[in-house]
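Trainee: take this sequence and fold it.
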Amino acid sequence: MKIDKKIIDELTKYLKEFGLTEIEYGDGNTKVKVSRSINVSSVAPSEVKKKQEIIESNGTNITSPIVGTAYLAAEPGGKKFVDVGQKIKKGQTVMIIEAMKTMNHVPSTQDGTVSKILVKDGEPVEFGQPLISIK
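Mentor: Coordinates of the predicted model:
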C-alpha cells in the first residue's frame, strides 16, 4: 500500500485552519485519520481564574456540574431561565448544560438574586466553572 502524502498534508492543514483535533477521510478501501493534541493548559486556568475573581467580589456562585455547552434558554430565541436582578429560589433551573445530546438542567443551590451571568448562550463550559453569581 502506498501512502498519499498529499492527503495527509491537506488534512493537516484542515486541522489547523478549522481548529480541529482530529479528522478522518475515506475513499474506497483507503481511510486516513489525522489527529493532534492541543495544549490548553496555559489558556484555561487564566480564564477560570478571571471568572472566579468576579464571583468572589459579587457573591456566591452556581457552578457547572458537568462538561458541556451552556444554554440560557430552553430553545433558541426563547425566554431566558434567569436574568440579572431576578430573584430565584433554591432548586429553580438557571440554565441547561448539553452533554452528549442530553439536556441537563442546572438548579440554583440557594435562594438569592442573580447578580451576574458569567457565560454566554452556546458557550462551552468545564466541570466546576462558575456559571452565575448570586447574592
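Trainee: can you give me the domain boundaries for this protein?
Mentor: The chain breaks down into these structural domains: 5-35, 61-134 (assignment by automatic domain parsing).
Trainee: quick one: the last one to chain centroid distance?
Mentor: Centroid separation for domain 61-134 versus its chain: 12 Å, with C-alpha atoms, centre = their mean, to the nearest Å.
Trainee: now do that domain, average pLDDT.
Mentor: For domain 61-134, the per-residue pLDDT values average out at 89.
Trainee: try the first one
Mentor: For domain 5-35, the mean pLDDT works out to 82.
Trainee: give me the buried positions along it.
Mentor: Buried residues in domain 5-35, counted by 16 or more other C-beta atoms under 10 Å: 11, 15, 23, 34. (C-beta placed from N, C-alpha, C; glycine too.)
Trainee: what is the host helix or strand of the first one packed up against?
Mentor: Counting by DSSP states H and E, the secondary-structure element that holds Leu11 is helix 5-18. Secondary structure elements in contact with helix 5-18, counted by 3 or more C-beta pairs under 8 Å, 6 or more residues apart in numbering; DSSP states H and E, are strand 22-27, strand 30-35.
Trainee: that older thread, looking at the domains of the chain, which is buried most?
Mentor: For the domains of the chain, the stretch with the most neighbours on average is domain 61-134, a mean of 16; neighbours defined as mean count of other C-beta atoms under 10 Å.
Trainee: returning to what we had before: what's the angle between the helix holding Leu11 and strand 22-27?
Mentor: Relative orientation of helix 5-18 and strand 22-27, computed by axes from the mean of the first three to the mean of the last three C-alpha atoms, to 10 degrees: 140 degrees.
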